[in-house]
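In: the sequence isn't on hand, but the structure is:
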């Protein structure tokens, strides 16, 4: 059967179902053998605004890729700028050092994302334990205090980090004054363990917020499950292990899937505020690199070319995950 | 997707992309000034507010205070200053305004690249028809002609123009660069001789020992560095190279007299020498550990409280620490000459400063008035009033200074408070409101250099060079310095007499704008150089320093350093050729 035939059949079976529905609803409308043109135009008009929105915000920006083929200078406009073809792309792979730069950036991006994914189980565990706290006032306080950092912008987080950990910050002052160290420890302006410290900061900021969805899911678990488990003699930890966590797993898997799709989108505000000459090599993620090249380095064309790299890798990752999902679960996600 | 839907979407898309692209369809035609009337009118009826796009300004918003009142009274005009420095985001503000096709009514450009782009984009007005009437600017016609060479009209007006000879220093009493030490502590250490840069380490250690804590209880450091001005290289590390007669041209350090050119990343360059010096100082506990994370204002505050012992520049340390009270007790920053130094000095610019320029916006609402204002900035009154932000010009006559009975200019009581007393007094009622400092011109652009001579007084615009000022500020600090220096009057006098200064003739040379590939390579490379330089400056051992240096050299060479260096080398040599020509012509 050709594709067209399949589509036709599908369309006609839809039509039949539609007719049945209208009949069931006792509509007095005349039911004809051909599609109702007016109705489908009406339906189309209903979705049109959303199609336009999707087009404008998701597809139209792809037009911006054209900048990567020009030597764009804002004062001249695109028309006045020289067309350079693939010059910027060639530049990215022109020498081993150039490649090494890009690879380092990609390594940073992927590392931070995978560390983020690897620790995505922590909010779940946190929620499970928090749920076990019996005193409501204490649980509420803990929940509020852990959720609060999520609403602090990264700029302010950096201010906090700076006043605590800079060379004349609180921690160093206390350590120096108590005679434990003589020269300040470099917490912020050092290139060591950058990935880990960045992970800790984002965990501190996002843990409580991430737990909210699991706390909500826990309240949705059928109490009968706990009761029957208790009758079977399950203790507190067994309840957590055999009831709560398995019940939360579907939620966790969905969130995990979403975070995989966002693998390259680990944002830049956190890394932007924490970057300095000493940690730059390990902190520069793709988004930050694009920003540094495009806006700080004032080359919007090259930045576009690097940005396209991100789209390309995202598509590859998505297809890979899709393939795995297809193998593992039998259905694809796209 | 059904065919019809697709067509509908395609229609929307086509429409949107037409709208988008029409934004960028700025034609490359050059706007011309239309009216070519006679002299500028004396009064202006309609009150206006003009937008001033100013790459150099450090203040954003409507100009206030006495300068605002001067402009208001004269031109019935308010200045709305748009300052990328304040707005932040690097080139973003210039780029968005350039893409929109309008920078402002009055434009102050901070680089030759901005000028180049503005001209290509047709953002500046051809002011040729107004230029005829600009009697004040016309005095510097050589410079105006030079700035507009090769352009079909009069688009840009030069800054820092001067009627002095190009082989004369443009600095007044203090050089731009110089090793400045806390003189009181240096004296306490017994004036140890400093043969060369590296000798500063033990000297500073001695000084630090005698004053380990500042009056506010914070530790005192020899050096406090900052990162705000890092460009092609770490800015702080370039400064000691200037003590030996070099200045930067991209990645090249060029000697003032063209005798040698260095690539900054070479192991034996003056730049790497400075980094090595920083690292040595760092290991001796002399470098402020806040250095990599602090900015200029944090560092400036440390100078004010006496937490730093050494300064690269007089204009940083002296305004910060040499207050009347400190100087009366003999405390303050003064130059402590290195035996082998030959400080780089910028010669007066007959052609004006090559990097900064002024222009009238192509879409200015009242170009004639902007032109008249621009002209006034080059007049005697304009120079006194506008040149006072950087603290060199004396401010308007009768506000801050008067002519004494001897016909010599001297600061009046208000002026003394404004420049020496921390500007605490309100301006007299007929000068508007606010203190002197609050009302200084936010334009932050020097039209005529302050060392130039005001023909009406016979003395320079800079009050620091007036004989009355030297008497006014004589104090224990300057006396102690002068007696140690063999009775020298000012630093410049000492440097000239002892041949410790080398003047690079003001040539007006502008390096051509990089093509975009070179520019991109340069941006990548300079990021690496700056990052690694900071690591080297704070390196804790010689072996760490050397391995970082090797890393840096390998990385930048891999990125195509040689290509950019070749361009810079050509520019440096061309600059020297221009210097020689100018020196010969104006001698």
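Out: Nice, thanks for sending it over. What you see is a predicted model; the values in this text were computed from it and never measured.

In: mind checking how far the residue lying closest to residue B:576 once chain neighbours are set aside is from chain A?
Out: Take residue B:576 and drop its neighbours on the chain: the residue closest to it by CB to CB, 6 or more residues apart in numbering or on different chains is residue B:258, 3.6 Å away. All C-beta spots, glycine's among them, are computed from the backbone N, C-alpha and C. Counting by CB to the nearest CB, to the nearest Å, the separation of residue B:258 from chain A is 31 Å.

In: quick one: contacts for residue B:258?
Out: B:573, B:576, B:579, B:580 (CB atoms under 8 Å, 6 or more residues apart in numbering or on different chains).

In: please convert these to JSON lines, extending it with neighbour count.
Out: Shown next, in JSON lines, are those (neighbours: other CB atoms under 10 Å in any protein chain shown):
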{"residue": "B:573", "neighbour count": "15"}
{"residue": "B:576", "neighbour count": "22"}
{"residue": "B:579", "neighbour count": "24"}
{"residue": "B:580", "neighbour count": "14"}
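
In: what residues are up against the residue nearest to residue B:353 when sequence neighbours are not counted?
Out: Leaving aside its chain neighbours, residue B:353 sits nearest to residue B:160 (3.8 Å; criterion: CB to CB, 6+ apart). Each residue near residue B:160 by CB under 8 Å, 6+ apart is listed here: B:170, B:349, B:352, B:353, B:356, B:446, B:447, B:448, B:449.

In: correct me, but the second one touches residue B:508?
Out: Yes. In terms of CB atoms under 8 Å, residue B:349 counts as a neighbour of residue B:508; the distance is 6.0 Å.

In: overlap in contacts of those two?
Out: With CB under 8 Å, 6+ apart, residue B:349 and residue B:508 have common neighbours B:143, B:158.

In: is chain B within reach of the longest helix along chain A?
Out: The residue-count maximum for a helix in chain A (DSSP state H) belongs to helix A:300-329. Yes. Using CB under 8 Å from any CB of the partner chain, helix A:300-329 reaches chain B at A:300, A:301, A:302.

In: out of those, who's the most crowded?
Out: Counting neighbours by other CB atoms under 10 Å in any protein chain shown, the top entry in those is residue A:302, with 28 neighbours.

In: ok, it - contacts?
Out: Counting by CB under 8 Å, 6+ apart, residue A:302 touches A:68, A:88, A:91, A:293, A:294, B:520.

In: against chain B, how distant is the fifth one?
Out: So the one you mean is residue A:294. Relative to chain B, and taking CB to the nearest CB, residue A:294 is found at 10 Å.

In: burial check on the residue in the stretch 1-150 of chain A that chain B sits nearest to, number of neighbours?
Out: Residue of the stretch 1-150 of chain A nearest chain B, by CB to the nearest CB: residue A:97 (2.6 Å). Applying other CB under 10 Å, we find 17 residues neighbouring residue A:97.

In: next secondary structure after the helix or strand that it is a member of?
Out: Using DSSP states H and E, residue A:97 sits within helix A:96-118. Next helix or strand after helix A:96-118 toward the C-terminus (DSSP H and E): helix A:121-132.

In: residues from the stretch 401-550 of chain B in reach of chain A?
Out: So far as CB under 8 Å from any CB goes, the stretch 401-550 of chain B lies against chain A at B:516-517, B:519-520, B:523-524, B:527, B:530-535.

In: now these in TSV, please, with extra columns for pLDDT and secondary structure.
Out: Below are these laid out as TSV (pLDDT from 0 to 100; DSSP: H, G, I helix; E, B strand; the rest coil):
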residue	pLDDT	secondary structure
B:516	83	helix
B:517	85	helix
B:519	88	helix
B:520	88	helix
B:523	90	helix
B:524	89	helix
B:527	91	helix
B:530	94	helix
B:531	92	helix
B:532	94	helix
B:533	96	helix
B:534	95	helix
B:535	94	helix
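
In: okay, helices next: where are they in the stretch 251-400 of chain B?
Out: For the stretch 251-400 of chain B, the helices defined by DSSP state H, counting those that start in this stretch occupy B:270-283, B:296-304, B:314-321, B:324-328, B:367-377, B:380-386.

In: all set, thanks.
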